[in-house]
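1. Kindly generate the corresponding structure for this input.
(chains A and B)
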Protein chains: 2
Amino acid sequence: MFNIGQLTSYVNENIGSIAYPDTPDSLFEPVRYMLQGGGKRIRPVLTLASCAALGGAYSDAINQALGIEMFHNFTLLHDDVMDNSDTRHGRPTVHRRWDESTAILSGDAMLTMASQLIMRCAGGHTEEALGIFNSVAMDVYRGQQYDMDFEARTNVSIGEYLEMIRLKTGVLIGGACRIGALMADADKEACDAMYAYGEALGLAFQLQDDYLDTYGNPEVFGKPIGGDIINGKKTWLLLSAMDGDPDAVSQAMSYGGQQRIDAVKEVYSRLSLPQRCRELIDGYTTRAIGAVMGVAMDSSSRAVFIDLAHKAAVRDK
Amino acid sequence: MFNIGQLTSYVNENIGSIAYPDTPDSLFEPVRYMLQGGGKRIRPVLTLASCAALGGAYSDAINQALGIEMFHNFTLLHDDVMDNSDTRHGRPTVHRRWDESTAILSGDAMLTMASQLIMRCAGGHTEEALGIFNSVAMDVYRGQQYDMDFEARTNVSIGEYLEMIRLKTGVLIGGACRIGALMADADKEACDAMYAYGEALGLAFQLQDDYLDTYGNPEVFGKPIGGDIINGKKTWLLLSAMDGDPDAVSQAMSYGGQQRIDAVKEVYSRLSLPQRCRELIDGYTTRAIGAVMGVAMDSSSRAVFIDLAHKAAVRDK
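-> Residues are numbered from 1 along each chain as shown, chains lettered A, B, ... in the order given. The predicted model follows:
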């Protein structure tokens, strides 16, 4: 028996006790800063939950959970440099608080530390866990590269967009689940199913993020609504509108500020995109739940995964 | 029986046939560009030579050799971003030819690919090889961070400088030798001795680099002589001069251009630093040779390592 709150606390406690080399502190202080920046801890919690649901003790997967969270924060750190972002979770980004060289080098150290954590397997499977981790990491870089390439392209298809967010977000959440299941000595079929659960959850999660950027409640969402439209970000919504009525999109994008947001949203509404986006998200949620239904586990564990899938799709922040 | 030319060719052939994911090419083109930029291939050659000298077939260590070279080039790629360098080996750096985001992300991919190569062990020892690799990587980052920290400090000791170049250069060359020996199933004592050889070689190599920057032949060295003095780089020479006659150094550094170079070199000469630097380098060369003398191997293999150690210390470019 486990619940999400308990696993989240366990992750947070253990993040606080990660051992770093003694010196130089200037290299590791930004690492601690990144890891203490908050975030939902969804990936490491899924690693622990997958291990526990498949018959392991969740503590058996704690190093892998921390490795996954370390890797995730490494990608955020380098993404912030690439996107030239000023803040994350309401605090200055590492390259603003320190400098860009520190952000690059501390990120590199985080990637190696993630690998070191993944390797610390209580009950074997070290090579397999590292193989999964490295393969996931390559997919995440590929997704990030596609994301950057898409900015300069005008002919991005919806299929390409979905593949990009699968690589950038889905594969890591899937990998978090797979490694957790592996730590419980689960068979390949169960590991594959847990991966499929996580990948679909990640897609639902990312699409919900895009949806909230346009249709979220400004008092809850935490960021200004319409940012993606202002930045011309090629989300599922914008690409679908460009597919359905390219002229109307061009016209709407020719405006600036709130006028642009309103005009683009009008196109979205006319093409029923908010509803279609909800259907797409629900489809991924259903796929995630279907995957976890096929895995033998006790009903209270299954309920946790189902609950998480629903929450990914209905959350408002 | 093996020789350096043969091993260098073997490394270069195999670098050309590394398999990359199919897409996106924009992520992997800079990786190929980095790896085809030349360089002496000293690290991968040492991995192969260590394997062959300790009784393995050198082809047994090729993946680890490539992993070490991939890692080394990853550090160069990110260092170029951090140092804002325009050229490397006479070609534009990746962040100049493409852009900074590409350089950061392609470098991240190189680090993960390095780990994937290190893992491909023909005869076992995967976990041990990865453990060595990750530990070496952490030391390299620590060395790089010290190097950056030293720029802003005025009280760097000679001991701290030597520890910095040990971490930044010595440990990786030592690790290249240790992993090669491990691939030959060598015992711990032999692996440790090969590591000690490589570490001392790396220190001799870096100090020779510093020496040549001031005392090299401009027609052979490939870079303008005196660059370190102009940049106020805290090398062993400058730190030793600051230790021996701080006032004279301050005075000399107050000039610009060639006048500064001449004045600083005058201080160096007065303090016999060129000779003392040569003695220091010779000391590391002797230490390297001593380490390899203690390892059981045939005399032709030993001759290769001894020859390399001498060449590191007397090379003029």
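2. Could you tell me the phi and psi values at A:S157?
-> Backbone torsions for A:S157, taken as degrees, to the nearest 10, come to phi -90, psi 160.
3. doesn't A:L239 make contact with it?
-> Yes: using C-beta atoms under 8 Å as the test, A:S157 is close enough to A:L239 to be in contact (7.4 Å). No exception for glycine: its C-beta is placed from N, CA and C like everyone else's.
4. Neighbour count: these two, which is higher?
-> More crowded of A:S157 and A:L239, by other C-beta atoms under 10 Å in any protein chain shown: A:L239, with 20 against 10.
5. Name all residues that make contact with the more buried one.
-> A:V156, A:S157, A:I158, A:Y161 (C-beta atoms under 8 Å, 6 or more residues apart in numbering or on different chains).
6. I'd assumed A:N155 was in a helix, is it?
-> No: A:N155 is assigned coil when assessed by DSSP: H, G, I helix; E, B strand; the rest coil, not a helix.
7. what's it sitting at in phi/psi?
-> Residue torsions, per degrees, to the nearest 10, at A:N155 are phi -120, psi 40.
8. okay, now it: neighbour count?
-> A:N155 has 7 nearby residues by other C-beta under 10 Å.
9. before we move on, what about the one 3 residues further on?
-> Neighbouring residues of A:I158 were enumerated by other C-beta under 10 Å; the total is 14.
10. That one - nearest residue in space that isn't next to it in sequence?
-> Distances taken as C-beta to C-beta, 6 or more residues apart in numbering or on different chains place A:L239 nearest to A:I158, at 5.2 Å, with adjacent residues excluded.
11. Go through the one helix or strand that neighbour maps to and flag the buried ones.
-> Taking DSSP states H and E as the criterion, A:L239 maps to helix A:236-244. Neighbour-count burial for helix A:236-244, counted by 16 or more other C-beta atoms under 10 Å in any protein chain shown, picks out A:W236, A:L237, A:L238, A:L239, A:S240, A:A241, A:M242, A:G244.
12. And the residues you listed, which is closest to B:Q259?
-> A:L238 (60.4 Å; C-beta to C-beta).
13. quick one: the closest one and chain B, what's the gap?
-> According to C-beta to the nearest C-beta, to the nearest Å, A:L238 and chain B sit 21 Å apart.
14. With A:H95 instead?
-> For A:H95, the distance to chain B - C-beta to the nearest C-beta - is 11 Å.
15. what does A:V94 give?
-> In terms of C-beta to the nearest C-beta, A:V94 sits 13 Å off from chain B.
16. Verify the contact between A:V140 and A:G174 for me.
-> No: assessed by C-beta under 8 Å, A:V140 is found out of contact with A:G174, at 11.2 Å.
17. More neighbours: which of those two?
-> A:G174 (28 against 25).
18. For chain A, spot the helix or strand the model is least confident about on average.
-> Here the helix or strand of chain A ranked lowest by mean pLDDT, DSSP states H and E is helix A:218-221, holding a mean of 84.
19. And it, what's buried?
-> A:F221.
20. Residues contacting it, please?
-> By C-beta under 8 Å, 6+ apart, helix A:218-221 touches A:L212, A:D213, A:P224, A:I225, A:D316, A:K317.
21. So which of the residues you listed is the closest to chain B?
-> A:D213 (21.7 Å; C-beta to the nearest C-beta).
22. Which helix or strand contains that closest one?
-> Using DSSP H and E, the element containing A:D213 is helix A:188-215.
23. just A:Q64 next, same as before
-> helix A:62-83.
24. and that helix with chain B, contact?
-> Yes: Helix A:62-83 reaches chain B (C-beta under 8 Å from any C-beta of the partner chain) through A:H78, A:V81, A:M82.
25. who's in contact with the residue nearest the centre of chain A?
-> In chain A, the centroid-proximal residue (C-alpha atoms, centre = their mean) is A:T169; its distance is 4.4 Å. Applying C-beta under 8 Å, 6+ apart, we find A:T169 in contact with A:G143, A:G202, A:L203, A:F205, A:Q206.
26. contact partners of the strand or helix carrying A:V304?
-> If you go by DSSP H and E, A:V304 is part of helix A:299-314. The contact list for helix A:299-314, computed with C-beta under 8 Å, 6+ apart, reads A:1-4, A:42, A:46, A:49, A:52-53, A:197, A:200-201, A:204-205, A:208, A:281-282, A:284-285, A:288-289, A:292-293, A:295.
27. swap the cut-off to 7 Å and go again
-> By C-beta atoms under 7 Å, 6 or more residues apart in numbering or on different chains, the surrounding residues in contact with helix A:299-314 are A:1, A:3-4, A:49, A:52-53, A:197, A:201, A:204-205, A:208, A:281-282, A:285, A:288-289, A:292.
28. go on, stretch A:110-125?
-> Contacts for stretch A:110-125 (C-beta under 7 Å, 6+ apart): A:31, A:60, A:63-64, A:66-67, A:70-71, A:73-74, A:77, A:126, A:129-130, A:133, A:182-183, A:185, B:108, B:111, B:115, B:127, B:130, B:134, B:137-138.
29. make it 6 Å
-> A:31, A:60, A:63-64, A:66-67, A:70-71, A:74, A:126, A:129-130, A:133, A:182, B:111, B:134, B:137-138 (C-beta atoms under 6 Å, 6 or more residues apart in numbering or on different chains).
30. Then stretch A:283-292?
-> Against stretch A:283-292 from outside (C-beta under 6 Å, 6+ apart): A:A193, A:A196, A:Y197, A:A200, A:L201, A:L203, A:A204, A:F305, A:I306, A:A309, A:A313.
31. now do 10 Å
-> Contacting residues not belonging to stretch A:283-292 are listed as A:50, A:53, A:162, A:170, A:173-174, A:177, A:192-208, A:301-306, A:308-314 [C-beta atoms under 10 Å, 6 or more residues apart in numbering or on different chains].
32. Now that we have those, which of them are buried?
-> A:50, A:53, A:162, A:170, A:173-174, A:177, A:192-208, A:301-302, A:304-306, A:308-309, A:311-313.
33. What residues does A:M34 make contact with?
-> Taking C-beta under 10 Å, 6+ apart as the test, what A:M34 contacts is A:70, A:72-74, A:76-77, A:80, A:88-89, A:91, A:93-94, A:103, A:106-107, A:110.
34. among these, which two are most distant?
-> A:M70 and A:R91 (18.4 Å).
35. neighbour count winner among these two?
-> A:M70 (25 against 14).
36. thought that one was touching A:L35?
-> Yes: with contact defined as C-beta atoms under 10 Å, A:M70 counts as touching A:L35 (7.2 Å).
37. Show me which residues of the stretch 151-300 of chain A sit near chain B.
-> Those residues of the stretch 151-300 of chain A that sit near chain B, judged by C-beta under 10 Å from any C-beta of the partner chain, are A:A152, A:E163, A:M164, A:L167.
38. burial measure for the third one, as a count.
-> I take that to be A:M164. Neighbour tally, A:M164, other C-beta under 10 Å: 23.
39. Next: the last one.
-> By the criterion of other C-beta under 10 Å, A:L167 has 23 neighbours.
40. ok, back up a step: and the buried residues of helix A:236-244, which two are the farthest apart?
-> Pairwise over the buried residues of helix A:236-244, using C-beta to C-beta, the maximum falls at A:W236 and A:G244, 12.1 Å.
41. contacting residues for A:H72?
-> A:34-35, A:39, A:41-44, A:110, A:114, A:140, A:172-173, A:176.
42. mind checking how far it is from chain B?
-> For A:H72, the distance to chain B equals 13 Å [C-beta to the nearest C-beta].
43. Then A:N217?
-> On the measure of C-beta to the nearest C-beta, A:N217 and chain B end up 32 Å apart.
44. just checking, that residue touches A:K317?
-> Yes: the pair A:N217 / A:K317 is scored as a contact, 8.2 Å apart, by C-beta under 10 Å.
45. hang on, isn't A:P30 packed against A:R96?
-> No: using C-beta under 10 Å, A:P30 is not in contact with A:R96; the gap is 11.2 Å.
46. Of the two, which one has the most company?
-> Under the criterion of other C-beta under 10 Å, the comparison of A:P30 against A:R96 puts A:P30 first, with 23 against 17.
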